[in-house]
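Chemist: Provided below are the primary sequence and the corresponding predicted coordinates.
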Amino acid sequence: MDPVEILDILGNENRRRILQLLSFRPFYFNEMAKRLDLGPKAVIDHLEMLERAGLIECYRDDRRRKYFRIAENIVLEVAFSPHSYGIRTYRPHVSQKISAQPSSAPSRSSLEGETGRSGELEEICSRLRDLEEERLRLRKLMEEIDSKEMLIKRLATGLIERCASDQLEAEILTALISGDSRAEPLARRLGIPPAVVEERLGRLAAQGKVQKRDDAWTI
């Protein structure tokens, strides 16, 4: 899934509203249009775009009403700094081992009546709070890793500025810091014709600053 395409899609407020609505439950078309206070044509256009991107899917119920729902779990990450810019998407693995009920599920008898159901919901909410605390701990660890990465990239950028013969070579070397790349995607990232990038990469290779491995360029 193209993360740039997803960013473009999320740039529209009404498409974000549709996804927000579908995060609660599936909706059928008329119900969705009424809830969002949008014209039918606008809703159809937004839904078609979201469906083409694979973000939502549709199905029909027993009454043949067409429902829409979010297709799957997707995480979009955007990170930028003075020395890097990156967008990526990934699909979190959902373990099939997690039961629909809490690990310490109440007995059958305790589920009878409102008291039992409230206790079960409270246990589930407690598990969600534990997961949120774990997420915060991991986020702090990621912040520490990002901080170290930015420091190393700053050092690398300083070295590149001293060894590159001009600004274009510096941009190419800076782009390669984040990982190997073929000439064509590298050219797209830099907004430079592929032929120019190929020529500069060849010059850098002759100087021993870059090398080509399995059709990809690397420092």
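Modeler: Yes, it's here.
Chemist: show me where the chain has strands.
Modeler: 27-28, 56-60, 66-70, 75-81, 84-90, 211-213, 216-218 (DSSP state E).
Chemist: between these, which one is nearest to E5?
Modeler: With respect to E5, and counting by Cβ to Cβ, the nearest of the strands of the chain is strand 84-90 at 9.6 Å. Where you see a C-beta, it was placed from the backbone N, CA and C, and this is true even at glycine.
Chemist: Which helix in the protein has the most residues?
Modeler: helix 113-163 (DSSP state H).
Chemist: The worst-scoring helix or strand of the chain on mean pLDDT packs against which elements?
Modeler: In the chain, the helix or strand scored least confidently by mean pLDDT, DSSP states H and E is strand 84-90, which has a mean of 79. For strand 84-90, the packing partners by 3 or more Cβ pairs under 8 Å, 6 or more residues apart in numbering; DSSP states H and E come out as helix 3-10, strand 75-81.
Chemist: Switch the ones you listed over to JSON lines; also include mean pLDDT.
Modeler: What follows is the helices and strands packed on strand 84-90, written out as JSON lines (pLDDT from 0 to 100):
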{"stretch": "helix 3-10", "mean pLDDT": "88"}
{"stretch": "strand 75-81", "mean pLDDT": "82"}
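Chemist: closest to L155 out of the ones you listed?
Modeler: Nearest to L155, of all these, is strand 75-81, at 13.6 Å by Cβ to Cβ.
Chemist: Counting by contacts, list what the closest one packs against.
Modeler: Using 3+ Cβ pairs under 8 Å, 6+ apart as the contact criterion, the elements in contact with strand 75-81 are helix 3-10, strand 84-90, helix 113-163.
Chemist: out of the ones you listed, which comes closest to R64?
Modeler: helix 3-10 (28.3 Å).
Chemist: deepest of the helices and strands packed on strand 84-90, which one?
Modeler: helix 3-10 (a mean of 14; mean count of other Cβ atoms under 10 Å).
Chemist: packing partners for that one?
Modeler: Counting contacts by 3+ Cβ pairs under 8 Å, 6+ apart, helix 3-10 packs against helix 13-22, strand 75-81, strand 84-90.
Chemist: Break this protein down into its structural domains.
Modeler: 3-70, 100-163, 164-218 (automatic domain parsing).
Chemist: one step back: lowest average confidence across the helices and strands packed on strand 75-81, which one?
Modeler: When the helices and strands packed on strand 75-81 are compared by mean pLDDT, strand 84-90 comes last with a mean of 79.
Chemist: How far off centre is that strand?
Modeler: Strand 84-90 has its C-alpha centroid displaced from the chain centroid by 7 Å (Cα atoms, centre = their mean, to the nearest Å).
Chemist: Enumerate the sheet neighbours of that strand, specifying parallel or antiparallel for every one.
Modeler: Based on DSSP bridges, the pairing partners of strand 84-90 within the sheet are strand 75-81 (antiparallel).
Chemist: got a list of what the residue nearest the centre of the chain touches?
Modeler: For the chain, the residue whose C-alpha lies nearest the mean C-alpha position (Cα atoms, centre = their mean) is L76; its distance is 1.3 Å. For L76, the set of contacting residues under the criterion of Cβ atoms under 8 Å, 6 or more residues apart in numbering consists of 3, 6-7, 10, 87-89.
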